[in-house]
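Asker: Build me a model:
(one chain, ligands or ions: 2)
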Amino acid sequence: MPDLKVLLSREQIAQRVGELGQEIARDFHGQSIIFLGVLKGAAIFLSDLARRVPLDATFDFIGVSSYGNRPTPTENPAGHAAWDSSGEVRLTKDVDQALTGQNVVLVEDILDTGLTLNYIKKIVMAHQPKAFRIAALLDKPSRRKLPIDVQYVGFTIPDAYVVGYGLDYAEKYRNLPDICVIENP
Ligand code: IMP
Ligand code: MG
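Answerer: Ligands and ions are numbered 1, 2, ... in the order given. The predicted structure is shown next:
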């Protein structure tokens with residue numbers, strides 16, 4: 001049986017998401033923004049965050065898939081050597097609207113090696129947005145391979161595999177209300 005231990009409770013998450021929302025509202029005061037969510041993990045974070053930002057806003061979503069950096073059901077996610085990224089990221093869904101001249105806030109569930117966000121940043125910057133900022137709910141800095149600037153970070157966490165609040169293990173556990181460390185999946 002998988003062993004799930006709460007790392008961040010729903011109350012802690014809600015509190016921090018509210019704070020991030022206030023920061024974003026302050027930084028883009030009087031302007032409109034596009035929340036650009038990274039499918040599928042950021043869906044829940046985006047929907048909560050956007051409701052804490054009282055500005056004119058629209059939503060868009062981008063889909064990426066990274067070869068080899070997710071554990072297969074037979075691997076143990078606690079052993080990170082087993083799921084090191086090959087570094088290849090592939091676009092599975094492009095943005096729906098032109099981002100040129102727009103304020104784009106990229107919303108991501110977790111920043112790990114940094115490969116995914118570097119790849120997405122390149123795609124977004126090619127649109128020449130007015131402003132580009134990144135909001136990542138979680139950051140695992142100890143796993144970074146490529147540096148990336150993130151303006152809004154929810155929580156810095158240790159090197160463990162986490163699920164819940166949008167984050168999955170083999171597509172499961174996204175609907176857990178708390179963020180949990182998973183062992184023996
Ligand atoms: P990066 O390219 O290594 O920064 O990978 C980021 C992506 O890997 C995230 O968007 C997640 O989809 C996935 N990921 C990394 N760590 C975890 C984790 O602990 N739980 C669930 N997904 C993770
Ligand atoms: Mg992701």
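
Asker: so residue 111 bridges to which residues?
Answerer: Beta-bridge partners for residue 111, by DSSP bridges, are residue 139.

Asker: tell me which parts of this protein are close to ligand 1?
Answerer: By C-beta under 6 Å from any ligand atom, the residues of the chain that approach ligand 1 are 41, 66, 69, 85, 108-117, 161-163, 167. To be clear about C-beta, it is placed using only N, CA and C from the backbone, and glycine gets the same treatment.

Asker: elements contacting the longest strand seen in the chain?
Answerer: Longest strand of the chain, by residue count under DSSP state E: strand 56-66. With contacts defined as 3 or more C-beta pairs under 8 Å, 6 or more residues apart in numbering; DSSP states H and E, the packing partners of strand 56-66 are strand 32-39, helix 43-50, strand 89-93, helix 115-125.

Asker: Where does the prediction get shaky in the chain?
Answerer: 68-87 (pLDDT under 70).

Asker: remind me, longest helix of it?
Answerer: Ranked by residue count and defined by DSSP state H, the top helix of the chain is helix 10-27.

Asker: List the contacts of that one.
Answerer: Residues from elsewhere that reach helix 10-27 (C-beta atoms under 8 Å, 6 or more residues apart in numbering): 33, 45, 48-49, 51-55, 105, 133, 135, 137, 151-152, 154-155, 165, 177-179.

Asker: and that helix, C-alpha only, in CSV?
Answerer: Below are the C-alpha coordinates for helix 10-27, written out as CSV (Å, rounded to 0.1, in the frame of the first residue of the first chain):
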residue,chain,number,x,y,z
ARG,A,10,-4.8,22.4,2.6
GLU,A,11,-4.9,25.3,5.1
GLN,A,12,-1.2,26.0,4.6
ILE,A,13,-1.7,25.9,0.8
ALA,A,14,-4.7,28.2,0.8
GLN,A,15,-2.9,30.7,3.0
ARG,A,16,0.2,30.8,0.8
VAL,A,17,-1.8,30.9,-2.5
GLY,A,18,-3.7,34.0,-1.1
GLU,A,19,-0.3,35.7,-0.4
LEU,A,20,1.0,34.9,-3.9
GLY,A,21,-2.3,36.3,-5.3
GLN,A,22,-1.8,39.5,-3.4
GLU,A,23,1.8,39.9,-4.7
ILE,A,24,0.6,39.3,-8.3
ALA,A,25,-2.2,41.8,-7.9
ARG,A,26,0.2,44.4,-6.6
ASP,A,27,2.8,43.8,-9.3
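
Asker: what inclination does that helix have with respect to helix 43-50?
Answerer: Here helix 10-27 runs at an angle of 50 degrees relative to helix 43-50 (axes from the mean of the first three to the mean of the last three C-alpha atoms, to 10 degrees).

Asker: For helix 10-27, buried residues please.
Answerer: Buried positions in helix 10-27, judged by neighbour count with 16 or more other C-beta atoms under 10 Å: 13, 17, 20-21, 24, 27.
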